[in-house]
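>>> structure for the following, please:
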Amino acid sequence: MNNEASVSASAQSATSAAGQSAFRRWLGMTVFVLVALIWLAPGFWALATSFKITPNILKAVPYWLPIPATFAQYTEVMSGSRTVSATVAVLNSGIVAVLTTVLAVVISALTAYPIARMNFPGRNVVFGMIIGSMMVPGTINIVPLYLLMVKLGWLNSYQALIAPGVASAFGVFLLRQFFLSLPAELEDAARIDGANSWQIFTVLLLPLSKPALGALALFTFQATWNDFTWPLIVMTNPNRITLPVALSLIRGDYAADSFGPIMAGAVISAVPLLVVFLLANRQIIEGVQFSGLKM
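Numbering: from 1, shown residues only. Next up, the predicted model:
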């Protein structure tokens, strides 16, 4: 009888623990869903507003669904009937973001490899200076960079937007940490097989570094795509401005009577970043995870 009572009590205890665990999971999932809905609500509102007709955008009783739906807001903002064309701005932002990302990844990899895998005098000093530059606020560099662009004659050119972003201290740090996490035995085996440093870098280490390279590419693309201050300073030609600057002009021209084109421009600006993030989400997680394994 005692054994049966003990088994029954154990079963009841296990059932109670399972019930509590299921309740905690359900409660946690409910909280996560609510937080996600709150976080997504402004984005959904912007998306819905971009498809509304102008009379339905500002109403005493707002509603979420764009009924009837229209593409007129996108047509207006892309054509630039009142202000600059978002089509030109998207093209400029795409060119600048892609070129800056490619050059930043290449230069960061070429800089990080010798710092991580080679012994040379002053290596730690160089790395310390690179890390120290990350602590300097970016606004301090605006005036010297602007004067440099003036002397080079690069104002209102793609060079002025691309050149300051290709030297990334964060990129060097990220890739250096990832290179250090790779086993040294791989490099030793390659040297025994007769490979030189360039072959080890291009054939062995770079293919293994795809997660870190992908993470750096996404971070650089996002920062360049969203950059507002620097393009606003060095670009005065309406045909060369980037999308964040164009959105500020759209906001100034439409804020008094219609938020439709403003929301359409915001959606256009967010879509490329969302697509890139969904495609490179795995690389971001792996790159950041493995880059911190070893100092």
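>>> residues near Met134, how many?
11 (other CB atoms under 10 Å). (C-beta placed from N, C-alpha, C; glycine too.)
>>> was I right about it contacting Ala167?
No: in this structure, Met134 is not within contact of Ala167 by CB atoms under 8 Å, at 11.8 Å.
>>> excluding residues flanking it in the chain, which one is nearest the most centrally placed residue in the chain?
In the chain, the residue lying closest to the centroid (CA atoms, centre = their mean) is Gln222, at 3.4 Å. Distance criterion CB to CB, 6 or more residues apart in numbering; nearest residue to Gln222, sequence neighbours excluded, is Leu273 at 5.8 Å.
>>> Phe178: helix or strand, and which one exactly?
helix 169-181 (DSSP states H and E).
>>> got the CA coordinates for the helix or strand just after that helix in CSV?
Per DSSP H and E, the first helix or strand lying C-terminal to helix 169-181 is helix 184-192. Only the C-alpha atoms of helix 184-192 are listed here, as CSV (Å, rounded to 0.1, in the frame of the first residue of the first chain):
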residue,chain,number,x,y,z
ALA,A,184,45.9,27.2,-36.1
GLU,A,185,46.4,23.6,-37.2
LEU,A,186,44.6,24.3,-40.5
GLU,A,187,47.1,27.0,-41.4
ASP,A,188,50.1,24.8,-40.3
ALA,A,189,48.8,22.0,-42.5
ALA,A,190,48.5,24.3,-45.4
ARG,A,191,52.0,25.6,-45.0
ILE,A,192,53.3,22.1,-44.9
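>>> ok, residues contacting helix 184-192?
117, 199-200, 203-205, 208 (CB atoms under 8 Å, 6 or more residues apart in numbering).
>>> which one of those sits closest to Gln159?
Set against Gln159, the nearest of the contacts of helix 184-192 by CB to CB is Leu205 (30.3 Å).
>>> tell me, how many residues neighbour that closest one?
Going by other CB under 10 Å, the residues that sit close to Leu205 add up to 22.
>>> in this structure it contacts Phe179, no?
Yes: with contact defined as CB under 8 Å, Leu205 reaches Phe179; the gap is 6.3 Å.
>>> give me the common contacts of those two.
Common neighbours of Leu205 and Phe179 (CB under 8 Å, 6+ apart) are 113, 117.
>>> could you pull up the contacting residues of Ala116?
Going by CB under 8 Å, 6+ apart, the list of residues near Ala116 reads 175-177, 179-180.
>>> secondary structure element holding it?
helix 86-117.
>>> can you give me the buried ones in that helix?
For helix 86-117, burial by neighbour count (16 or more other CB atoms under 10 Å) applies to 86, 88-90, 92-93, 96-97, 99-101, 103-105, 108-109, 111-117.
>>> do stretch 232-249 as well
So for stretch 232-249, counting by 16+ other CB under 10 Å, buried means 233-235, 240-247, 249.
>>> so can I have JSON lines of those residues showing distance to Asp188 and pLDDT?
Supplementary listing: those in JSON lines, determined by distance: CB to CB, whole Å; pLDDT from 0 to 100:
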{"residue": "Ile233", "distance to Asp188": "49", "pLDDT": "92"}
{"residue": "Val234", "distance to Asp188": "47", "pLDDT": "93"}
{"residue": "Met235", "distance to Asp188": "50", "pLDDT": "89"}
{"residue": "Arg240", "distance to Asp188": "50", "pLDDT": "87"}
{"residue": "Ile241", "distance to Asp188": "52", "pLDDT": "90"}
{"residue": "Thr242", "distance to Asp188": "46", "pLDDT": "92"}
{"residue": "Leu243", "distance to Asp188": "48", "pLDDT": "91"}
{"residue": "Pro244", "distance to Asp188": "48", "pLDDT": "91"}
{"residue": "Val245", "distance to Asp188": "51", "pLDDT": "91"}
{"residue": "Ala246", "distance to Asp188": "53", "pLDDT": "89"}
{"residue": "Leu247", "distance to Asp188": "52", "pLDDT": "87"}
{"residue": "Leu249", "distance to Asp188": "57", "pLDDT": "84"}
